[in-house]
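Okay, here's the prediction I keep looking at, along with the sequence it came from:
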Amino acid sequence: MSTRAAQALRHSGDVVCAVRGLTKTYPAVRGRRGTPGTPEVRATDDVRLDIRRGEIFGLLGPNGAGKTTLVRQLTGLMRPDRGSVEILGHDIVRHPERAARILAYLGQESTALDELTVSLAAETTGRLRGLDVRQARAERDAVLDELGLGPLAGRPIKKLSGGQRRLACFAAALVGERPLLVLDEPTTAMDPVARRAVWSAVDRRRAERATTVLLVTHNVIEAETVLDRVAVLDRGRVIACDTPSGLKERVAGEVRVELLWRDRAPLEVPEVAALQDRVVESGRRWTLRLAPEEARAVVATVTGGAAFAALDDFTLATPSLEDVYLALGGAAQQGLVKA
Amino acid sequence: MSVVPAEVLPGSVLAVDETARPAAAELGPRARLWPSLCAVYRAQLSRARVARIPLLFVATFQSIGIMILMRGVVDGGAEAQAVVAGSSVLVVAFVALNLLAQYFGQLRASGGLDHYATLPVPPAAVVLGAAGAYASFTVPGTVVTALFGCVLFGLPVAHLWVLVAVIPLAGAALAGLGAALGLLAPRPELATLLGQLGMSAALLLGVLPADRMPEVVRFARDLLPSTYGVEAFARTFGPHPDWAFVLGDLAVCGVVGVVSLAVATWAYRRAAVR
Ligand SMILES: Nc1ncnc2c1ncn2[C@@H]1O[C@H](COP(=O)(O)OP(=O)(O)O)[C@@H](O)[C@H]1O
Ligand SMILES: [Mg+2]
């Protein structure tokens, strides 16, 4: 153990990435002819995070919550207006170029690799991460094998399905070891087999090398199953940060009731009308978060009498992170995905 | 113990920047210029091969078509030399200027630069690798065009070897210009437009004989880097080429190439961190 490294441990504890007061506002864009302008957007609003060594830390939020903007500031791709980002003791706001030597980033776009074959994309990325030809090829082969991409190695990434393309880009991100992986919605469009390959590759690195993972997702099921801790993001602000089960405890006393009406809610039934100001409505679907005895009463009401004729389907469930998001005052009624 | 043991990091030629605080963990290695340039070059050449071969045919046929058209207007002499040289360099302009401007414009707009910007690779390696690949990609089209022109106009093929210097130097100048335009244009459509305008300028100002142009147009012609590649190449068709002038023209191409590639590298740096 070197002296310097020992100091690192003493000074920063186990925090790999410390974010303080991070703020970023996109300026308003004036409309051109034919296209309306957009107002100023505060995409990251006074964000504070501590990501610890070896954990899978999630950023959960609906589309437009500011997740991508936040990680682009952590990876040195975007300069924040205010605030600090420290990764493994390096000030990334002052030295954005150091981020590339500490972390691997899987962005939402793959255009830089699109026209390469899977194999060449992985090899080239490894070489640009500083590996020599021999190392880059060896790691490429190992990673493609690990992710089951061997049969696709010679195919151009552009010609693959959306999920396969994501997996190929994920492979490129793994060639050339990094202590921190920043993955922006890595499993979008992936089938369950590919997802499992991603999570076992992540787990292996965490077990063997204590790799830290920052994962962006808008998928609540994924968040509940793979994350150690999660920051819930809404309109640029972190509205909660805890373990998934810790977050769910905040709404533990509640049950979620979903009602699907045939064509519209039967508001002429007084019990149904009384619920109206407590529901989250999306088309024919009503979602309610209720105490268990209330939920029982609602189910009794809608499964009997006049309301039943208007009911298509209903479900009762224990709360998910989506309910946490809504309970915390999350603004978007849609945008989180359960799949 | 650092957060990740240094031995785990590849290469392990690890130096912590002197300005870093003592608590900072060691950084992974930087990719060195030459190896990463080669890696980018190889990758770009392979994607050009897959996606751009039809366009190379278009570029070549365009130049051959222009020469056939001009066959009716000029008959031999200096004008024929200018037409063949101009049509050959036009292939370089089509690919290196036009297609590269388009490529970088789209890469920037779609967020593709993020990929390179989060790798420890020198900006010059990305720009030079791409420019080099696009310039190499013009070689077959340029050679075919030059050979066809020589046959069509009855010009000597003895000094066609000068293409060995003309293609890389004109290629550097035009690719640098194309990359800079693509990276500086605020929108990708504008990058495409600028690339195409540049190519049209190379066509009109490079292929049509200079003597018949008005003064203003001739001035514009002198500003275009491809002109010097055309002139250098055209001079070599004569019975006794003046090699000093050929070298002089090529030197201009080289200087423009260095400057425009430097501008493109600067533009890349600027575009990569927003
Ligand atoms: N380049 C940009 N210019 C202006 N506004 C932007 C830009 N990128 C994102 N935004 C806005 O910032 C907010 C956050 O976007 P983003 O970080 O992409 O969210 P997420 O990744 O959570 O979907 C959104 O309202 C989006 O419209
Ligand atoms: Mg996003």
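Here it is on my side, so go on. Numbering: from 1, shown residues only, chains lettered A, B, ... in the order given. Ligands and ions are numbered 1, 2, ... in the order given.

what residues are up against residue B:269?
For residue B:269, the set of contacting residues under the criterion of C-beta atoms under 8 Å, 6 or more residues apart in numbering or on different chains consists of residue B:123. Placement of C-beta: from N, CA and C, glycine included.

in what helix or strand does it lie?
For residue B:269, the host element (DSSP states H and E) is helix B:243-272.

how far out from the middle of the chain is that helix?
Averaging C-alpha coordinates over helix B:243-272 and over its chain gives two centres that are 10 Å apart (C-alpha atoms, centre = their mean, to the nearest Å).

residues in contact with stretch A:278-296?
Counting by C-beta under 8 Å, 6+ apart, the neighbours of stretch A:278-296 from elsewhere in the structure are A:251, A:253-265, A:275, A:298, A:312, A:316, A:319, A:323, A:326-327, A:333-334.

Over to stretch B:179-189?
The set of residues that contact stretch B:179-189 without belonging to it, under C-beta under 8 Å, 6+ apart, is B:97, B:100-110, B:127, B:130-131, B:191, B:194-195, B:198, B:260-261, B:263-264, B:267-268, B:270-271.

any idea how far residue A:318 is from residue A:251?
Using C-beta to C-beta, to the nearest Å, we find residue A:318 at a distance of 9 Å from residue A:251.

ok, those two, which is more surrounded?
residue A:251 (20 against 11; other C-beta atoms under 10 Å in any protein chain shown).

Of the contacts of stretch B:179-189, which count as buried by neighbour count?
Those of the contacts of stretch B:179-189 that meet the buried threshold are B:97, B:100-109, B:127, B:130-131, B:191, B:194-195, B:198, B:260-261, B:263-264, B:267-268, B:271, by 16 or more other C-beta atoms under 10 Å in any protein chain shown.

and the stretch 201-339 of chain A, which residues reach chain B?
Contact residues (C-beta under 8 Å from any C-beta of the partner chain) of the stretch 201-339 of chain A with chain B: A:209-212.

between the residues you listed, which is nearest residue A:190?
Checking those against residue A:190 by C-beta to C-beta gives residue A:211 as the nearest, at 20.1 Å.

Make a PyMOL selection of the buried ones in the contacts of stretch A:278-296.
Applying 16+ other C-beta under 10 Å to these, the buried members can be selected in PyMOL as follows:
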select buried, chain A and resi 251+254+255+256+257+259+261+265+275+298+319+323+326+327
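
quick one: which of the contacts of stretch A:278-296 sit in strands?
When DSSP state E defines the strands, the subset of the contacts of stretch A:278-296 inside them is A:255-261, A:312, A:316.

ok, so of those residues, who is nearest residue A:74?
Closest approach to residue A:74 among the ones in strands among the contacts of stretch A:278-296 (C-beta to C-beta): residue A:256, at 33.0 Å.

On the pLDDT front, check the closest residue to the closest one other than its chain neighbours for me.
Using C-beta to C-beta, 6 or more residues apart in numbering or on different chains and skipping residues adjacent in sequence, the residue nearest residue A:256 is residue A:317, 4.9 Å away. According to the per-residue confidence, residue A:317 scores 84 in pLDDT.

Could I get the contacting residues of residue A:317?
Counting by C-beta under 8 Å, 6+ apart, residue A:317 makes contact with A:255-256, A:258.

quick one, what contacts the one residue sitting closest to the centre of chain A?
The residue at the geometric middle of chain A, judged as the C-alpha nearest the mean C-alpha position with C-alpha atoms, centre = their mean, is residue A:217 (1.6 Å). With C-beta under 8 Å, 6+ apart as the criterion, the residues that contact residue A:217 are A:58-60, A:185, A:187, A:223.

Can you tell me who it pairs with across the strands?
Applying DSSP bridges to residue A:217 gives these bridge partners: residue A:60.

where's it relative to residue B:59, distance?
Distance, residue A:217 to residue B:59, by C-beta to C-beta: 45 Å.

hmm, who's touching the host helix or strand of residue B:221?
Secondary structure assignment for residue B:221, by DSSP H and E: helix B:215-223. Applying C-beta under 8 Å, 6+ apart, the contact partners of helix B:215-223 are B:201, B:205-206, B:210, B:213, B:227.

Next, give me the two most distant ones among the residues you listed.
Longest distance between any two of those is 13.7 Å, between B:201 and B:210; criterion C-beta to C-beta.

elements contacting the strand or helix carrying residue A:166?
Taking DSSP H and E as the definition, one finds residue A:166 inside helix A:162-174. Using 3 or more C-beta pairs under 8 Å, 6 or more residues apart in numbering or on different chains; DSSP states H and E as the contact test, the elements touching helix A:162-174 are strand A:103-106, helix A:118-128, helix A:133-146, strand A:180-184, helix A:192-209.

Need the winner for burial among these.
Ranked by mean neighbour count under mean count of other C-beta atoms under 10 Å in any protein chain shown, the helices and strands packed on helix A:162-174 are led by helix A:118-128, which reaches a mean of 27.

Which residues does it contact?
By C-beta under 8 Å, 6+ apart, the surrounding residues in contact with helix A:118-128 are A:113, A:116, A:133, A:135-137, A:139-140, A:143-144, A:149, A:152-155, A:157, A:160, A:168-169, A:171-173, A:175-176, B:31, B:35-36, B:39-40, B:42-43, B:46, B:115-116, B:119-121, B:125.

now the angle between helix A:133-146 and it, please.
With axes from the mean of the first three to the mean of the last three C-alpha atoms, to 10 degrees defining the directions, helix A:118-128 sits at 130 degrees from helix A:133-146.

where's the dip in pLDDT among the contacts of helix B:215-223?
On pLDDT alone, residue B:210 ranks lowest of the contacts of helix B:215-223, at 76.

burial of it, as a residue count?
With neighbours defined by other C-beta under 10 Å, the count for residue B:210 comes to 19.

Ok, residue B:213 next?
Here the neighbour count serves as a burial measure; for residue B:213 (other C-beta under 10 Å) it reads 15.

So the spatially closest residue to residue A:130 that is not a sequence neighbour: helix, strand or coil?
Once flanking residues are discounted, residue A:130 sits nearest to residue B:29: 3.8 Å by C-beta to C-beta, 6+ apart. In the three-state summary, residue B:29 is assigned as coil, counting by DSSP: H, G, I helix; E, B strand; the rest coil.

hang on, isn't residue B:29 packed against residue B:36?
No - with contact defined as C-beta atoms under 8 Å, residue B:29 does not reach residue B:36; the gap is 11.2 Å.

So these two - more neighbours on which side?
Ranked by neighbour count (other C-beta under 10 Å), residue B:29 and residue B:36 place residue B:36 first, with 26 against 19.

Quick check: which ranges of the stretch 151-300 of chain A have low pLDDT?
Scanning the stretch 151-300 of chain A with the threshold set as pLDDT under 70 gives no residue ranges.

and with 90 instead?
Scanning the stretch 151-300 of chain A with the threshold set as pLDDT under 90 gives A:188-189, A:218-225, A:245-258, A:262-300.
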